[in-house]
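Visitor: Starting from these lines, generate the structure:
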Amino acid sequence: MIKPSILIVERGVDERELYGEYFAWAGFRVALATSGVEGFQKAVRLRPDVITAGFDPLDVNAIGLCTRLKGDVRTCDIPVVIVTARAYRDDCDRARAAGADAVLPKPCLPKVLLTRTRQLMRRASQVKSPRV
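Guide: Numbering: from 1, shown residues only. Prediction:
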């Protein structure tokens with residue numbers, strides 16, 4: 001059985017490692033990136049099942065990454081979860097406008113992130129393989 005894969009794009013080393021270890025424990029193949037540029041390159045190369053991106057109000061990498069992923073034919077169908085320290089309405093609206101499939105507030109427990117990513121992966125697989 002092929003393990004699902006996740007790309008975690010997070011500037012903060014603690015969150016990146018915490019989420020990476022938790023998803024590995026949950027049976028995922030995990031790839032990590034520290035910036036939007038690195039995240040996009042890995043997304044194109046690895047084609048993960050889901051991508052999470054941290055959004056710091058001082059760092060628009062997650063928004064820019066999401067916009068770029070959703071605008072590229074190679075990555076537009078990959079679900080993207082943005083985890084943000086500022087879950088204000090305008091920040092969430094910006095993330096959704098960029099194409100985010102979900103927006104979760106920080107601090108975000110790994111279990112919550114895992115549950116949401118699995119929901120998005122199920123939904124994405126249903127869209128790719130409609131029932132006959």
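
Visitor: buried stuff in the worst-scoring helix or strand of the chain on mean pLDDT?
Guide: Of all helical and strand segments in the chain, the minimum by mean pLDDT, DSSP states H and E falls on helix 89-97, at a mean of 87. By neighbour count on 16 or more other Cβ atoms under 10 Å, the buried set for helix 89-97 is Asp91, Cys92, Arg94, Ala95. Placement of C-beta: from N, CA and C, glycine included.

Visitor: Nearest residue to the first one in space, please, no chain neighbours.
Guide: Nearest in space to Asp91, with sequence neighbours left out and distances taken as Cβ to Cβ, 6 or more residues apart in numbering, is Thr84 at 5.8 Å.

Visitor: For this structure, give me the ranges with low pLDDT.
Guide: 56-60, 127-132 (pLDDT under 70).

Visitor: Nearest to the spatial middle of this structure, which residue is it?
Guide: In the chain, the centroid-proximal residue (Cα atoms, centre = their mean) is Thr52; its distance is 1.9 Å.

Visitor: which residues does it form a beta bridge with?
Guide: Beta-bridge partners recorded for Thr52 (DSSP bridges): Ile8, Val81.

Visitor: Against Thr67, how distant is Gln119?
Guide: From Gln119 over to Thr67 the distance is 23 Å, taken as Cβ to Cβ, to the nearest Å.

Visitor: Hmm, I typed the wrong one, I wanted Asp90.
Guide: Taking Cβ to Cβ, one finds Asp90 at 16 Å from Thr67.

Visitor: Could you pull up phi and psi at the residue nearest to Asp91?
Guide: Dihedral pair for Thr84: phi -120, psi 140, per degrees, to the nearest 10.

Visitor: I'd like to know how many residues surround it.
Guide: For Thr84, the neighbour count with other Cβ atoms under 10 Å is 23.

Visitor: hang on, it packs against Phe55?
Guide: Yes - using Cβ atoms under 8 Å as the test, Thr84 is close enough to Phe55 to be in contact (4.0 Å).

Visitor: ok, the closest residue to Pro79 other than its chain neighbours - how many residues close by?
Guide: Nearest-residue entry for Pro79: Leu120, 3.8 Å, with adjacent residues in sequence omitted and distances by Cβ to Cβ, 6+ apart. Residues lying near Leu120 (other Cβ under 10 Å) number 19.
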